[in-house]
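**Student:** Sequence first, then the predicted structure, then my questions.
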Amino acid sequence: MKVIEVCIKNEYGLHARPASLLANTASQFQSNITIIKDEKEVNAKSIMNLLLLAAGKDTVLKLSADGPDEDGALSAIKELIEVRKFDEE
Amino acid sequence: MPELVLKKLKVSELLKIDETKNFLLGLEILGGVTGLEKEIEGPELNRPGLSLAGFFEHFAYKRIQVFGKGEAAYINASVENKNLDSIKTFFDYDIPVCIVTNGLDLPKYVIDLANNKGIAIFRTHLSSEKFIALMTTILSDLFAPYEIFHGNFVSIYNVGVLIIGSSGIGKSESVLGLVERGHKFVADDMVKIKKMRTPHGFELKGGPCADYGPYIEIRGIGIINVSQYYGEGRLLEEERLGLVIKLAEWDQTYDYDRLGLEERYINILGMDIPYKEIPVTSGRNIPLLIEVAAYREIMRRLGYNSAVELDKKIIDFMKKDKSY
């Protein structure tokens, strides 16, 4: 299992459209992927779970993946959140 | 799918149509039986007052000619006064059919002329005004551009839903499930979607391709008559198309709509119709999903979208959260 930290960079945070992008990206991997904000831990493949986080701009999230393709999953999600900024900017 | 249009309609078909509509037009033949095989090329009607009076410029002779009280009186007067030139010229044109309204008679001379030239003359008991309105509706329906789809058509809360997808995916079974839930059956297997003119532009209407009756084929069970099993109240002749649903096997690579923030459309006969692709896997109740999709379409027309609403709430919440 691996854990990294990511920071939400887009203006409106993790709202519906980014959540759907994130869930779709996560679903491409076999690993179990979870995201942790404060005391909340959610499944990254579920849109409704992700929305529950209410992660606004500058929120730091813990991203953990467990499975055969955990490295690929973490780097793909990190790129989506920090580099592509959910294609919103 | 290619767009199709009815190009020609045999004159004799008018009588058959009248029969299927319980003699709404009450057409009877006065003469010119040999002209029954002639073809009508369009849905327009013509009142030939000017032509009968001898003015033949721009005479729309290819249309159905309607003789009202005025035309009939003029013909009677002309025949009585032996003023026959323009009537003779009139019947020299290649007219598909003449229809006399108000149950009026025509002089024997005119009937003989029509017999001679092979131009059918019909009579209706309706007034010109009523007849023209009815006939125009019936003909524009028949001459409307259309497409044929391999699929099913149901009416869900007055939204016409066309269900398409490959054979054996469960379209007919879904329709049965929807009828069971109280919705209305329109067509199974072959659906005719036609483009009708309305005061606001155009609309698409879906109905069955043939008038055999409300039969549906269910694999493993056979053919079922929907009206016998579920009652006449679950049938509808046609409905306005509001939503197209494609049922498909689950495809890992296809980008299914998970939010419904944006609408997808499919173009049919030049019109964009809301479109949803629903993946079929075991454990998914397809009739229920189609019903929800139709209900969502009604909400969309009312300007309501659950995904947009939730998205707004979350963005607002995150903003407040930060200001603490």
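**Tutor:** That came through, no problem.
**Student:** Now do the SS call for B:Asp257.
**Tutor:** Secondary structure assignment for B:Asp257 (DSSP: H, G, I helix; E, B strand; the rest coil): coil.
**Student:** make that B:Glu147, sorry
**Tutor:** Quick answer, by three-state DSSP: B:Glu147 is strand.
**Student:** what's across from it in the sheet?
**Tutor:** B:Glu147 forms beta bridges with B:Ile193, as assigned by DSSP bridges.
**Student:** Is it in contact with B:Glu3, as I believe?
**Tutor:** Yes. In this structure B:Glu147 lies within contact range of B:Glu3 using CB atoms under 8 Å: 5.9 Å. (Each C-beta comes from the backbone N, C-alpha and C, glycine too.)
**Student:** Between these two, which contacts overlap?
**Tutor:** Residues touching both B:Glu147 and B:Glu3 (CB atoms under 8 Å, 6 or more residues apart in numbering or on different chains) are B:Leu269.
**Student:** Looking at the two, which is more packed in?
**Tutor:** B:Glu147 (16 against 11; other CB atoms under 10 Å in any protein chain shown).
**Student:** quick one, what contacts the more buried one?
**Tutor:** B:Met1, B:Pro2, B:Glu3, B:Leu4, B:Lys192, B:Ile193, B:Ile268, B:Leu269.
**Student:** Chain A contacts on the stretch 201-324 of chain B?
**Tutor:** B:255, B:258-259, B:261, B:307, B:310-311, B:314-315, B:317-319, B:321-322 (CB under 8 Å from any CB of the partner chain).
**Student:** try 7 Å
**Tutor:** B:258-259, B:261, B:307, B:310-311, B:314-315, B:317-319, B:321-322 (CB under 7 Å from any CB of the partner chain).
**Student:** Lowest-confidence member of those, which is it?
**Tutor:** Among these, B:Lys322 carries the weakest pLDDT, at 64.
**Student:** Tell me where the longest helix sits in chain B.
**Tutor:** Criterion DSSP state H: the longest helix present in chain B is helix B:306-323.
**Student:** right, I mislabeled it, should have said chain A
**Tutor:** Max-length helix for chain A by DSSP H is helix A:16-27.
**Student:** Mind giving me the packing neighbours of that helix?
**Tutor:** Here helix A:16-27 touches helix A:47-53, helix A:70-78, helix B:306-323, going by 3 or more CB pairs under 7 Å, 6 or more residues apart in numbering or on different chains; DSSP states H and E.
**Student:** Now do the buried residues in that helix.
**Tutor:** A:Ala16, A:Arg17, A:Pro18, A:Ala19, A:Ser20, A:Leu21, A:Leu22, A:Ala23, A:Thr25, A:Ala26 (16 or more other CB atoms under 10 Å in any protein chain shown).
**Student:** Enumerate the strands of the stretch 101-250 of chain B by residue range, in sequence order.
**Tutor:** For the stretch 101-250 of chain B, the strands defined by DSSP state E, counting those that start in this stretch occupy B:120-123, B:146-156, B:159-164, B:184-187, B:190-198, B:201-208, B:215-218, B:222-225, B:239-249.
**Student:** ok, B:Cys209 - contacts?
**Tutor:** Counting by CB atoms under 7 Å, 6 or more residues apart in numbering or on different chains, B:Cys209 makes contact with B:Ile148, B:Met190, B:Lys192.
**Student:** Just the buried residues of the contacts of B:Glu147.
**Tutor:** For those, buried by 16+ other CB under 10 Å: B:Lys192, B:Ile193, B:Ile268, B:Leu269.
**Student:** re earlier: which of the contacts of B:Cys209 come close to chain A?
**Tutor:** Answer for the contacts of B:Cys209 near chain A: none qualify (CB under 7 Å from any CB).
**Student:** Ramachandran angles for residue 40?
**Tutor:** The chain I'm using is chain A. phi -90, psi 130 (degrees, to the nearest 10).
**Student:** meant chain B, my bad for not saying
**Tutor:** phi -100, psi 130.
**Student:** go on, A:Asp87?
**Tutor:** Per degrees, to the nearest 10, the backbone of A:Asp87 is at phi 60, psi 30.
**Student:** Can you tell me, leaving aside adjacent residues, what's nearest to it?
**Tutor:** Take A:Asp87 and drop its neighbours on the chain: the residue closest to it by CB to CB, 6 or more residues apart in numbering or on different chains is A:Leu21, 7.3 Å away.
**Student:** any idea how far A:Ser27 is from the one you found?
**Tutor:** To A:Ser27, A:Leu21 is 11 Å away according to CB to CB, to the nearest Å.
**Student:** residue farthest from the centroid of chain A?
**Tutor:** Taking CA atoms, centre = their mean, the residue of chain A most remote from its mean C-alpha position is A:Pro68, at 18.2 Å.
**Student:** who touches that residue in this structure?
**Tutor:** Counting by CB under 7 Å, 6+ apart, A:Pro68 has contacts A:Gln30, A:Ser31.
**Student:** That one - that's part of a helix, no?
**Tutor:** No. Going by three-state DSSP, the assignment for A:Pro68 is coil, not a helix.
**Student:** what's the spacing between it and A:Thr34?
**Tutor:** 16 Å.
**Student:** which parts of chain A sit against chain B?
**Tutor:** Counting by CB under 7 Å from any CB, chain A sits next to chain B at A:Tyr12, A:Gly13, A:His15, A:Ala16, A:Arg17, A:Ser20, A:Ala23, A:Ile47, A:Leu51, A:Ala54, A:Gly56.
**Student:** Let's have those in a markdown table, adding pLDDT.
**Tutor:** Formatted as a markdown table, the residues of chain A next to chain B follow (pLDDT from 0 to 100):
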| residue | pLDDT |
| --- | --- |
| A:Tyr12 | 90 |
| A:Gly13 | 90 |
| A:His15 | 92 |
| A:Ala16 | 91 |
| A:Arg17 | 90 |
| A:Ser20 | 91 |
| A:Ala23 | 92 |
| A:Ile47 | 91 |
| A:Leu51 | 90 |
| A:Ala54 | 87 |
| A:Gly56 | 88 |
